[in-house]
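Asker: Make a model of this:
(one chain, ligands or ions: 2)
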Amino acid sequence: MNTNFEKALEAKGFIDLPIDPSLDLIEEIKKLKKEKNAVILAHYYQEAEIQDLADYIGDSLGLSQQASKTDADVIVFAGVHFMAETAKILSPSKKVLLPDLKAGCSLSDSCPPHLFSKFKEQYPDHMVITYVNCTAELKALSDIVCTSSNAVQIVESLPKDQKIIFGPDKNLGDYVKRKTGRDLVLWNGACMVHEIFSREKIEKLRIEYPGAKFIAHPECEDHILAEADYIGSTSGMLKYTIENESDTFIVATESGILHQMQKSSPNKKFIPAPPNNACACNDCPHMKLNTLEKLYNCLKYDLPEVTLTEDVIRRSRKPIERMLEISDRLGL
Ligand code: 13P
Ligand code: SF4
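Answerer: Ligands and ions are numbered 1, 2, ... in the order given. As a prediction, this is how the structure comes out:
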């Protein structure tokens, strides 16, 4: 690879080489995947066409579990940067590719490690639990990582008198506080997508669809969660819509999950919870940076690759493994 190519990649975040318009990208991606013994792990917030191509679709916990046990040589992560980093930490000998390196996360950005490190110094007798939506550097400053699937159980796995700092998501932290009755010290971070829902508009929808169930991700604010019939991770929400007998669901999370909900329950109606303005704000702009074209180029050129220093991998691995051990023990 020449330096100009590297520079262009760094500036854009993805491989911007022209693609023959006559190619059937879906078939080509399948071929490349086989040739390179690659696996595509996709989050539920990806575009429908990417979800349909994936070998595994899941929430952050499921994706980490898959990344830790895959025997593929290459992991293509159709998700955001912190998810690909987690895969790299758990499978350091494998090549981990992310179709667009600029696919970040507003929640992760809300917690710069150097500031968190200073914050942590104020509470020397506290353990640190970090939500997986953060950088590898931040994970390295933690005792245990958690996801939205297991945050409550991870906190409950610690002795009742153990003091805890929880970051970076204050909404998830508040939810865990309410569920466990524990007094957590919270970092003041949040996700731009989950803070946008309008309680007023959701209430109006509930009048319009009286039998509908309202389901929400715990990254939503507490006045939204207070209205919910079910609160859980993306896979938890999906499972609820499959098992619950209602035929209509109002869904407060990123809109990509609706694809799997509709596929799993074709006769049910799914309504994205409305944001408090007219924009398409419940689309995560980071997740949606990944496209079929970028996925194809990424597999073709084995770039962009997610890399981490050995030191960061070593320090961030323990808190993630601790989470996976607790989750395995509890059958999560
Ligand atoms: P899940 O782990 O519930 O899929 O959530 C990931 C995420 O980024 C939510 O915004
Ligand atoms: Fe991050 Fe929010 Fe996007 Fe999830 S939806 S990846 S928390 S910005």
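Asker: Residue numbers of the stretch 151-300 of the chain in contact with ligand 2?
Answerer: For the stretch 151-300 of the chain, the contact set with ligand 2 under C-beta under 6 Å from any ligand atom comprises Cys191, Met192, Val193, Glu219, Glu254, Cys284, His286, Met287. C-beta: built from backbone N, CA, C; applies to glycine.
Asker: can you redo the residues you listed as JSON lines with neighbour count and distance to Gly13?
Answerer: Shown next, in JSON lines, are those (neighbours: other C-beta atoms under 10 Å; distance: C-beta to C-beta, whole Å):
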{"residue": "Cys191", "neighbour count": "24", "distance to Gly13": "20"}
{"residue": "Met192", "neighbour count": "15", "distance to Gly13": "19"}
{"residue": "Val193", "neighbour count": "25", "distance to Gly13": "20"}
{"residue": "Glu219", "neighbour count": "25", "distance to Gly13": "24"}
{"residue": "Glu254", "neighbour count": "24", "distance to Gly13": "20"}
{"residue": "Cys284", "neighbour count": "23", "distance to Gly13": "16"}
{"residue": "His286", "neighbour count": "23", "distance to Gly13": "11"}
{"residue": "Met287", "neighbour count": "25", "distance to Gly13": "14"}
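Asker: Out of the residues you listed, the closest to Asn37 would be?
Answerer: Using C-beta to C-beta, Met287 comes nearest to Asn37 of these, at 25.8 Å.
Asker: any weak-confidence spans in the protein?
Answerer: The chain contains residues with pLDDT under 70 at 1-3.
Asker: ok, which residues in the stretch 1-150 of the chain are in contact with ligand 1?
Answerer: Asp59, Ser60, Asn133, Thr147, Ser148.
Asker: The third one touches Val193, doesn't it?
Answerer: Just to be clear, that refers to Asn133. No: look at Asn133 against Val193 with C-beta atoms under 8 Å: they stay out of range, at 11.3 Å.
Asker: Can you list phi and psi of the residue nearest the centre of the chain for me?
Answerer: Centroid-nearest residue in the chain: Ser60, 4.8 Å away (criterion: C-alpha atoms, centre = their mean). Recorded main-chain torsions at Ser60 are phi -60, psi -40, according to degrees, to the nearest 10.
Asker: That one is in contact with Asn150, isn't it?
Answerer: No: applying C-beta under 8 Å, one finds Ser60 not in contact with Asn150, separated by 9.7 Å.
Asker: can you give me the strands for the chain?
Answerer: Here the chain has its strands, by DSSP state E, at 38-43, 56-58, 74-78, 95-97, 127-131, 144-146, 164-167, 185-186, 213-216, 230-231, 248-252, 269-272.
Asker: what helices or strands is the fourth one leaning on?
Answerer: So that's strand 95-97. strand 74-78, helix 81-90 (3 or more C-beta pairs under 8 Å, 6 or more residues apart in numbering; DSSP states H and E).
Asker: How about the last one?
Answerer: Secondary-structure packing of strand 269-272 (3+ C-beta pairs under 8 Å, 6+ apart): strand 248-252, helix 257-264.
Asker: Can you say which of the ones you listed is packed in most?
Answerer: Among the helices and strands packed on strand 269-272, ranked by average contacts under mean count of other C-beta atoms under 10 Å, first place goes to strand 248-252 (a mean of 24).
Asker: Partner strands of that one and their direction?
Answerer: strand 213-216 (parallel), strand 269-272 (parallel) (DSSP bridges).
Asker: can you list contacts of the first one?
Answerer: In this case it means strand 213-216. In this structure, residues lying in contact with strand 213-216 by C-beta atoms under 8 Å, 6 or more residues apart in numbering are 197, 202, 206, 224-225, 227-232, 237, 240-241, 244, 246, 248-253, 273.
Asker: That one and ligand 1, are they touching?
Answerer: No: for strand 213-216, no contact with ligand 1 is found by C-beta under 6 Å from any ligand atom; the gap never falls below 11.1 Å.
Asker: and that strand, how far out from the chain's middle?
Answerer: 19 Å (C-alpha atoms, centre = their mean, to the nearest Å).
Asker: what does the last one give?
Answerer: How far strand 269-272 lies from its chain's middle: 21 Å, per C-alpha atoms, centre = their mean.
Asker: Could you do stretch 192-207 as well?
Answerer: The answer for stretch 192-207 is 21 Å, by C-alpha atoms, centre = their mean.
Asker: Can you give me the buried ones in that stretch?
Answerer: Val193, His194, Glu195, Ile196, Phe197, Ser198, Arg199, Ile202, Leu205, Arg206 (16 or more other C-beta atoms under 10 Å).
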